[in-house]
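Student: Whatever this is, show me its structure:
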Amino acid sequence: MALAVSTSSTSAISGSGFSRAGSNHNELRAPQIGSFRLLDRPQAASIALNVSQRRSSVKPINAELKRNDLIVPSAATIDAPEVVEKVDVKVEDYDQLAKDLNGASPLQIMDKALEKFGDDIAIAFSGAEDVALIEYAKLTGRPFRVFSLDTGRLNPETYQFFDAVEKHYDIHIEYMFPDAVEVQALVRNKGLFSFYEDGHQECCRVRKVRPLRRALKGLQAWITGQRKDQSPGTRSEIPVVQVDPVFEGMDGGVGSLVKWNPLANVEGKDVWSFLRSMNVPVNSLHTKGYVSIGCEPCTRPVLPGQHEREGRWWWEDSKAKECGLHKGNLKQEGAGVNGNGLAHANGSADLFDSQDLVTLSRPGIENLLKLENRKEPWLVVCYAPWCRFCQAMEASYVDLAEKLAGSGVKVGKFRADGDQKEFAKQHLQLESFPTVLFFPKHSSKPIKYPSEKRDVDSLMAFVNALR
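Tutor: As a prediction, the model looks like this:
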């Protein structure tokens with residue numbers, strides 16, 4: 001993993017997490033992803049547990065966070081009275097906040113996002129017209145952070161554009177890269193252009209979705225350049241701010257990450273008017289007919305009158321043109337489609353699509369329940385494609401299936417909504433979606449996963465404890 005340390009400054013303030021940009025010494029810039037940030041850690045100075053100092057800790061964006069920093073050793077609490085401080089924690093209503101900000105300008109929305117999350121929010125920059133986000137962030141006068149996904153297959157013009165943006169704003173964009181071993185396995189097994197034959201989802205999952213997930217695990221919020229007019233099939237209803245329905249933030253679990261879309265209500269022509277008026281650098285591919293820009297093999301110019309997303313994955317169904325970064329936009333109405341336009345049963349786009357996962361039918365899950373001596377243990381998720389919590393755990397569960405491939409543990413899925421719901425309630429301990437069950441090798445009764453933490457490490461720990 002290579003990380004470019006991002007700072008929006010030319011000189012650092014000694015002992016501070018901030019730096020000053022250019023010649024304007026009144027404008028603070030944030031510490032960038034992969035540099036350092038201040039982290040408070042209480043120290044047990046005495047039995048009375050008086051907090052007496054603070055210290056700083058290095059924490060890159062993709063670092064695993066230690067959640068036990070505030071645990072006091074039990075020896076320090078012997079004979080000490082238990083003090084419980086009641087703290088009222090206000091839970092933000094982001095649906096209401098989205099309504100309140102729906103008529104706000106992109107600059108106002110950006111300012112609110114940076115004010116609210118400070119060092120725990122970052123702009124996701126794709127190398128296209130979403131450079132407007134960086135300009136708006138600069139105009140707020142607040143510190144800001146920028147990261148981007150380098151898939152290894154971007155156009156040369158996009159890399160040149162990254163360099164121009166860094167110089168223009170005096171920042172270093174932090175690049176997240178795909179895992180080299182995963183890319184190597186994909187290319188060796190399926191070739192360089194497998195996405196033309198079986199859809200772009202697998203390649204995007206390796207090169208984009210997983211690196212993004214690592215980046216977001218070090219944040220509480222992120223800022224995207226999504227607009228409603230970009231893709232009528234998938235983005236027409238995006239709010240200016242929302243709880244991310246797919247990815248998790250640093251605290252883990254559903255609802256731990258907030259997603260800001262300051263350009264949601266802005267039309268493309270107005271974005272371009274803003275870029276021209278502010279003399280902002282742009283990707284030279286835009287002058288060659290490209291509008292929506294992604295990886296080189298999956299992006300092409302569009303003709304006059306064509307929608308901008310028609311230049312992306314042009315061989316696939318127009319209603320499913322999301323790479324996985326914004327999969328929560330996909331609507332579950334009418335006939336669902338996968339990356340190649342294939343309809344799924346019951347009218348919803350299916351989940352957990354992987355060659356390492358076994359799709360269980362009703363007879364299949366019934367047989368699994370009857371067996372007392374199985375050849376190998378099974379892990380099975382009971383799910384509903386329309387459930388946002390199932391959608392949120394999809395990437396983790398697919399990753400888990402790949403890690404367990406060849407390990408002696410079978411991984412499966414059973415669609416438990418509709419006509420199967422009552423059966424699942426009676427025999428599969430279903431109370432809510434998703435329900436994850438482990439079927440031991442020598443027992444007919446499945447064991448239910450009790451936690452709401454559905455990241456790969458937590459699920460793997462559950463499997464390892466039982467197999």
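Student: Pretty sure Gly252 is one of the things Leu216 touches, is it not?
Tutor: No - with contact defined as CB atoms under 8 Å, Leu216 does not count as touching Gly252 (11.1 Å). For the C-beta atoms, the positions are set from N, CA and C on the backbone; glycine is no exception.
Student: So between these two, which is more surrounded?
Tutor: The neighbour comparison of Leu216 against Gly252 (other CB atoms under 10 Å) goes to Leu216, with 26 against 17.
Student: Return the residues in contact with the residue nearest to that one when sequence neighbours are not counted.
Tutor: Nearest residue to Leu216 in three dimensions, chain neighbours excluded: Phe247, at 4.9 Å (CB to CB, 6 or more residues apart in numbering). Phe247 sits next to Leu212, Arg213, Leu216, Leu257, Ala392 when contact means CB atoms under 8 Å, 6 or more residues apart in numbering.
Student: Buried residues, stretch 450-461. List them.
Tutor: By neighbour count with 16 or more other CB atoms under 10 Å, stretch 450-461 contains the buried residues Lys453, Arg454, Asp455, Val456, Ser458, Leu459, Met460.
Student: any idea of the mean pLDDT for that stretch?
Tutor: Averaged over stretch 450-461, pLDDT sits at 89.
Student: From start to finish, how long is it in a straight line?
Tutor: End-to-end distance of stretch 450-461: 12 Å, with CA to CA, to the nearest Å as the criterion.
Student: Now tell me what touches that stretch from outside.
Tutor: With CB under 8 Å, 6+ apart as the contact definition, stretch 450-461 has outside contacts at 248, 252-254, 379, 392-393, 396-397, 399-400, 403-404, 434, 436, 449, 462.
Student: Could you pull out the strands in the stretch 201-350 of the chain for me?
Tutor: 221-223, 241-243, 258-260 (DSSP state E, counting those that start in this stretch).
Student: I'd like a version of those in TSV, one that adds mean neighbour count and mean pLDDT as further columns.
Tutor: Putting the strands of the stretch 201-350 of the chain into TSV (neighbours: other CB atoms under 10 Å; pLDDT from 0 to 100) gives the following:
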stretch	mean neighbour count	mean pLDDT
strand 221-223	25	97
strand 241-243	21	95
strand 258-260	26	97
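Student: now for the ones you listed, which one comes closest to Pro385?
Tutor: Closest approach to Pro385 among the strands of the stretch 201-350 of the chain (CB to CB): strand 241-243, 19.6 Å.
Student: Strand partners (parallel or antiparallel) of that closest one?
Tutor: strand 258-260 (antiparallel) (DSSP bridges).
Student: and for the partner strand, what are the contacting residues?
Tutor: The contact list for strand 258-260 (CB under 8 Å, 6+ apart) reads 94, 109-110, 113, 117, 121, 220-224, 240-244, 249.
Student: Just give the closest residue to Leu285, not the sequence neighbours.
Tutor: Excluding its sequence neighbours, the residue lying closest to Leu285 (CB to CB, 6+ apart) is Glu157, at 4.8 Å.
Student: who touches the one you found in this structure?
Tutor: Asn283, Ser284, Leu285.
Student: Kindly report the same for Asp244.
Tutor: Contacts of Asp244 (CB under 8 Å, 6+ apart): Leu216, Trp222, Leu257, Val258, Lys259, Gly328.
Student: Go through the residues you listed and name the one nearest Gly141.
Tutor: Trp222 (20.5 Å).
Student: Can you tell me how far that closest one is from Leu212?
Tutor: 9 Å (CB to CB, to the nearest Å).
Student: what residues do these two have in common as contacts?
Tutor: Counting by CB under 8 Å, 6+ apart, the contacts common to Trp222 and Leu212 are Ala124.
Student: Drop anything exposed from the contacts of stretch 450-461.
Tutor: Those of the contacts of stretch 450-461 that meet the buried threshold are 248, 252, 254, 379, 392-393, 396-397, 399-400, 403-404, 434, 436, 449, 462, by 16+ other CB under 10 Å.
Student: wait, isn't Asp229 in contact with Lys269?
Tutor: No - in this structure Asp229 lies outside contact range of Lys269 using CB under 8 Å: 9.2 Å.
Student: The two - which one has more neighbours?
Tutor: Applying other CB under 10 Å to Asp229 and Lys269 shows that Asp229 carries more neighbours, namely 18 against 9.
Student: Just the buried residues of the host helix or strand of Glu422, please?
Tutor: Assigned by DSSP states H and E, Glu422 belongs to helix 421-427. Going by neighbour count (16+ other CB under 10 Å), the buried part of helix 421-427 is Lys421, Ala424.
Student: Could you check how far that helix is from the centre of its chain?
Tutor: Relative to its chain's centre, helix 421-427 lies at 32 Å (CA atoms, centre = their mean, to the nearest Å).
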